[in-house]
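Student: I'd like to go over a predicted model; first the sequence, then the structure.
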Amino acid sequence: QVQLVESGGGLVQAGGSRRLSCAASGRPFSTYTMGWFRQAPGKEREFAAAVRWTGGSTYYADSVKGRFTISRDNAKNTVYLQMNDLKPEDTGVYYCAADAQSGTYYRSPEEYDYWGQGTQVTVSS
C-alpha cells in the first residue's frame, strides 16, 4: 500500500502562485508515475499533470501548460505541483495519485492505483 498526503492548498488571488506537495509513504514510490488531478464543484475529476519516475518526462493538460510545473524528489518521496499565474477556473480540490504500473494512460484517473485525500485550492478574482 502507498499512502499519499497532499498539502499546500488554500486561498490565493488571481495571478498568484501556490505550491502543492504530496508526501508518499508505504511502498517505495520511486518507480511510480505520479499525477495531479483536480475537481471543481459539479465537475468530473480532470487531469492536470503527471511525471514519470525518472522525473525527465512530464505531461500537462493544455489548460495548465506554461503555468504549472510538476516535479518529484524521490529521495524525499515527494511530488510537487508549482502553480503560477493562477486563475479562478483553477479552483478545485487537487488530488495526488500514484500509478504503480506506470502505464500509458496517465491522463485517465482509472490508470492510478492510489489517491490522496485532496487539498482545496481557491482562486479569487
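Tutor: Good, I have the coordinates.

Student: Run through this protein and note the low-pLDDT ranges.
Tutor: Scanning the chain for pLDDT under 70 picks out the ranges 55.

Student: can you give me the strands for it?
Tutor: Using DSSP state E, the strands of the chain run over 2-7, 10-13, 18-26, 33-39, 46-51, 58-60, 68-73, 78-83, 92-99, 114-115, 119-124.

Student: between those strands, which one is nearest to residue 108?
Tutor: Among the strands of the chain, strand 46-51 comes nearest to residue 108, with 7.4 Å by CB to CB. (C-beta placed from N, C-alpha, C; glycine too.)

Student: Stretch 42-52: how far from the chain's middle?
Tutor: 7 Å (CA atoms, centre = their mean, to the nearest Å).

Student: Report the buried residues of that stretch.
Tutor: Judged by neighbour count using 16 or more other CB atoms under 10 Å, the buried positions of stretch 42-52 are 45, 47, 48, 49, 50, 51, 52.

Student: between those residues, which is nearest residue 58?
Tutor: Nearest to residue 58 out of the buried residues of stretch 42-52 is residue 51 (CB to CB; 4.9 Å).

Student: doesn't residue 58 make contact with the closest one?
Tutor: Yes: assessed by CB atoms under 8 Å, residue 51 is found in contact with residue 58 at 4.9 Å.
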